[in-house]
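Chemist: prediction below, plus the sequence it came from.
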Amino acid sequence: MARIALGRTGIEVENYCLGTMTWGTQTEEAGAHAQIDRALDAGLDFLDTAEMYPVNPVRAETAGVTETIIGNWIAKNGKRDKWVIATKHSGKRAEMRDGRGIGPDTVREVLEGSLRRLQTDYVDLYQFHWPNRAHYHFRRNWEFDPSQQPPATETLDNFATTLEVLKDLVAEGKIRAFGLSNETAWGTLRWLEAAERTGGPRVATIQNEYSLMCRHYDTDLAEVGYQEDVTLLAFSPLAAGLLTGKYADGAVPESSRMAISETLGGRRTPNAFAAADAYVRVAEEHGLDPVHMALAWVAERPFPTIPIFGATTLAQLDRILAGRHLQLTDDVRAALLMAHRAHPMPY
């Protein structure tokens with residue numbers, strides 16, 4: 001596996017990241033701890049979580065359970081230094097803080113809650129899960145209306161005052177780096193400019209959905225990431241399981257994500273099944289595991305990118321780890337491009 005930097009921070013990690021959003025719902029604590037151990041033995045050192053996890057579904061009464069599971073592993077093993085740990089402030093989620101969003105009045109409170117649950121003095125990467133303003137992520141792109149956002153001056157004032165708190169938290173050693181999630185090109189550039197003005201931490205990463213089937217990042221954000229050294233942390237690189245082939249021919253395996261979330265967060269469409277079938281065929285025609293192919297494609301993009309993968313079982317984790325050294329051939333890349341042209345924006 002290759003090492004990749006998180007922006008300009010000097011923090012380097014292996015270029016696959018272990019996601020944790022099912023720990024506490026689909027994956028019990030013992031299974032989660034076994035995954036951490038297995039991934040660490042395989043050479044991984046980057047783990048992503050969030051205060052609102054676990055998901056499927058997100059509930060106020062379970063928010064923070066995933067961080068607690070990770071914290072229990074740290075307390076039991078004493079191996080905090082073996083992992084670069086990323087977590088997130090959830091922003092305007094109704095399940096937390098009565099929907100109070102990201103701002104100078106919540107950042108310290110939320111971070112310190114995460115630190116307590118994680119049983120650590122610091123997090124390596126602190127991310128803002130959702131913008132306070134309207135955005136186009138999670139299928140909102142079909143009816144995105146930027147006129148529903150607050151005035152730019154209000155948004156930029158929030159960025160500046162929030163960065164002042166982040167600057168203090170960096171100075172106190174409670175966070176090492178700062179990242180965004182579900183952001184846009186405009187938002188990312190404005191955060192970068194605000195950091196220059198305030199002396200606050202520079203945006204190092206952006207965690208957005210990205211896969212063979214979700215390609216919003218490929219244009220303006222890709223340019224921002226490349227030119228500004230902002231590393232993409234690509235979530236749902238397997239398109240919520242569609243790219244594994246397990247939902248082919250109408251199958252819905254027991255305990256799968258579709259069995260729990262029928263629409264796959266809006267991804268379940270006729271076009272999505274057709275696109276997934278096309279990508280799985282490319283893998284089959286070239287003798288590849290579709291899981292390995294999809295993750296390798298994300299990892300080799302021409303801008304800094306790290307796929308975040310999730311596994312509910314050790315068997316799923318082992319399957320992913322078995323393909324982490326795969327390098328795609330030009331023939332495979334060409335076939336994937338043809339499939340993309342035939343099936344653009346399938347959900």
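Modeler: Okay, I see it. Treat the numbers as computed from the prediction; the structure is a model and nothing was measured.
Chemist: pLDDT score assigned to residue 136?
Modeler: Note for residue 136: predicted pLDDT of 95.
Chemist: how about the contacts made by it?
Modeler: 144, 184, 216 (C-beta atoms under 8 Å, 6 or more residues apart in numbering). Any C-beta I mention is one placed from the backbone N, CA and C, and that applies to glycine too.
Chemist: now with 7 Å, please.
Modeler: Under the criterion of C-beta atoms under 7 Å, 6 or more residues apart in numbering, the neighbours of residue 136 are residue 144.
Chemist: part of a helix, is it?
Modeler: No. Judged by DSSP: H, G, I helix; E, B strand; the rest coil, residue 136 forms no part of a helix; its state is coil.
Chemist: what about it, distance to residue 85?
Modeler: 29 Å (C-beta to C-beta, to the nearest Å).
Chemist: now residue 118
Modeler: Spatial separation of residue 118 from residue 85 under the definition C-beta to C-beta is 7 Å.
Chemist: how about residue 79?
Modeler: Using C-beta to C-beta, which is the criterion applied here, residue 79 is 11 Å from residue 85.
Chemist: compare the two (neighbour count), which wins?
Modeler: A side-by-side neighbour count of residue 79 and residue 85, using other C-beta atoms under 10 Å, places residue 85 first with 24 against 12.
Chemist: now tell me what touches whichever strand or helix holds the more buried one from outside.
Modeler: Counting by DSSP states H and E, the element that carries residue 85 is strand 84-89. Strand 84-89 has contacts (C-beta under 7 Å, 6+ apart) with 11, 13, 45-51, 67, 102, 107, 110, 114, 118, 123-129, 181.
Chemist: now intersect those with the helices, please.
Modeler: Using DSSP state H, 67, 107, 110, 114, 118 are the members of the contacts of strand 84-89 that sit in helices.
Chemist: I'd guessed the last one sits against residue 70; true?
Modeler: Yes. Distance between residue 118 and residue 70: 5.8 Å, which falls inside the contact criterion (C-beta atoms under 7 Å).
Chemist: quick one: the strands in the protein?
Modeler: 3-5, 12-14, 17-19, 46-48, 84-89, 123-128, 175-181, 203-209, 231-235, 305-309 (DSSP state E).
Chemist: OK, contacts around residue 306?
Modeler: When contacts are counted by C-beta under 7 Å, 6+ apart, residue 306 is found next to 4, 15, 16, 17, 231, 233, 234.
Chemist: hey, what's it bridged with?
Modeler: Partner residues in beta bridges with residue 306, using DSSP bridges, are residue 233.
Chemist: so what's residue 1 scoring on pLDDT?
Modeler: Per-residue pLDDT puts residue 1 at 58.
Chemist: give the buried residues for the lowest-mean-pLDDT helix or strand in the chain.
Modeler: For the chain, counting by mean pLDDT, DSSP states H and E, helix 257-260 ranks last in confidence among helices and strands (a mean of 86). Residues of helix 257-260 classed as buried: 257, 258 (neighbour count, 16 or more other C-beta atoms under 10 Å).
Chemist: got it, and stretch 210-224?
Modeler: Neighbour-count burial for stretch 210-224, with 16+ other C-beta under 10 Å as criterion, is recorded at 210, 211, 212, 213, 214, 216, 217, 221, 222, 224.
Chemist: what sits against residue 6?
Modeler: 13, 125, 177, 204, 205, 231.
Chemist: other residues contacting the longest helix anywhere in the chain?
Modeler: Selection of the longest helix in the chain by residue count, based on DSSP H, yields helix 152-171. For helix 152-171, the surrounding residues in contact (C-beta under 7 Å, 6+ apart) are 102-104, 107-108, 111, 132-133, 175, 178, 190-191, 194-195, 197-201.
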